[in-house]
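Q: sequence and predicted structure below; questions after.
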Amino acid sequence: DILGRDLTATDNDVVQQLATHSRVRQGLESLGYTTVTFDTGFERTRMPDAACNVEFPREVDSLQSGRLPTSLSLHETYQVDYANHRTRVRSVLGNLELVPQWEGEHLVIAHVISPHPPFVFAADGAPIHPNRPFAWSDADHFRAFGTRKEYIEGYRGQIAYLNKLVLDAVDGILQNSPDPPIIVIQGDHGPGAYTTHASVDKTNLAERLSILNAYYLPHGGERDLYPSITPVNSFRVILNRYFGAELPLLPDRSYYAEGATHKLVPVTWPE
């Protein structure tokens, strides 16, 4: 218990602390690793105390800064935040390949809030300009102002472009790494076209629980993986293989985080 609190608690403060001050991060920092993070624009995954936090070049300051001309239309002010979000996504994935060239050993944590809404990229990377205020709204929160069809089409286009950015980033990391790196590409949840945050019973679990969980584990590390592995064991496998830890693997169970408090509901993986 790294927080001195019950780790089964579901309040947002505990969730944020576990995400930003994990035992993996603390352990690697104690071994001399430098934690590198990127500006996500998403408060819950900010790590202001990381040794290196890479900012992104903003297209223009947001409306909230009070420095935008008052003559801009409401639609134009919306586009400021959407433009910054596009720049942020490209900047994070485009700069990952630079880190292997830095001196020392690094734990790199890059939270890319995409293909999660808002949908700002077409499949070819062309910008999409939603005519509504910028928001992270997903699942039924998105459907409160948009349609399910809009969600599905937006997600498909955005993920097609994101796939290209991710593959380019991985190629760059591998090319620039003097020693083979360890890479984990993991989604925190699947799409939300048929998801209702407050109700597991009204959610398509096959959609929401299906995530990308990809690994690059050099020197035979792939032999420690198995078809049913879930993220709870990702770093246990890595720490055992590469750092001599002897951590037991945990049961690969699935939970649905229900409602604003993220109440964890055990669920059976859909057949």
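A: Looks like it came in fine. Numbers count the residues shown, from 1 in each chain.
Q: ok, then the element right after the helix or strand of the chain with the lowest mean pLDDT?
A: Least confident element among the helices and strands of the chain, by mean pLDDT, DSSP states H and E: helix 12-20 (a mean of 75). Using DSSP states H and E, the helix or strand that follows helix 12-20 in sequence is helix 23-30.
Q: which SS class is residue 257?
A: Following DSSP: H, G, I helix; E, B strand; the rest coil, the label given to residue 257 is strand.
Q: and what of residue 44?
A: Per three-state DSSP, residue 44 ends up helix.
Q: looking at it, it is touching residue 17, isn't it?
A: No - counting by C-beta atoms under 8 Å, residue 17 is not a contact partner of residue 44; they are 10.1 Å apart. In short, each C-beta sits where N, CA and C put it, glycine included.
Q: which residues of this protein fall in helices?
A: 12-20, 23-30, 74-95, 139-143, 148-176, 205-208, 234-243 (DSSP state H).
Q: which one of these lies closest to residue 253?
A: helix 205-208 (13.1 Å; C-beta to C-beta).
Q: alpha carbons only: can I get that closest one in PDB?
A: Extracted in PDB, the C-alpha atoms of helix 205-208 (Å, rounded to 0.1, in the frame of the first residue of the first chain):
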ATOM      1  CA  LEU A 205     -18.600  -5.300 -22.300                       C
ATOM      2  CA  ALA A 206     -17.000  -6.900 -25.400                       C
ATOM      3  CA  GLU A 207     -16.600  -3.300 -26.700                       C
ATOM      4  CA  ARG A 208     -15.500  -1.600 -23.600                       C
END
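Q: give me the low-pLDDT residue ranges for this protein?
A: 1-12, 58-75, 269-271 (pLDDT under 70).
Q: and the gap between the nearest residue to residue 78 once chain neighbours are set aside and residue 150?
A: Of all residues not flanking residue 78 in the chain, residue 133 sits nearest, at 5.8 Å (C-beta to C-beta, 6 or more residues apart in numbering). Distance, residue 133 to residue 150, by C-beta to C-beta, to the nearest Å: 16 Å.
Q: point to the residue nearest the middle of the protein.
A: Centroid check for the chain by C-alpha atoms, centre = their mean gives residue 111 as the closest residue, at 3.7 Å.
Q: re the thing from before, chain center to the least confident helix or strand of the chain, what's the gap?
A: Relative to the chain's own centre, helix 12-20 is displaced by 14 Å; criterion: C-alpha atoms, centre = their mean, to the nearest Å.
Q: how many neighbours does the residue nearest to residue 31 when sequence neighbours are not counted have?
A: Computed as C-beta to C-beta, 6+ apart, the closest residue to residue 31 that is not its neighbour in sequence is residue 243, at 7.6 Å. The criterion is other C-beta atoms under 10 Å. On that basis, residue 243 has 12 neighbouring residues.
Q: ditto for residue 203
A: So residue 203, with other C-beta under 10 Å, has 22 neighbours.
Q: show me the contacts for it.
A: By C-beta atoms under 8 Å, 6 or more residues apart in numbering, the contact set of residue 203 is 194-196, 256.
Q: ok, 6 Å please
A: Each residue near residue 203 by C-beta atoms under 6 Å, 6 or more residues apart in numbering is listed here: 195-196.
Q: same check, this time on the one 4 residues further on
A: For residue 207, the contacting residues are 190-191, 194, taking C-beta under 6 Å, 6+ apart as the criterion.
Q: please report how far residue 199 lies from residue 257.
A: Distance of residue 199 to residue 257, given as C-beta to C-beta: 12 Å.
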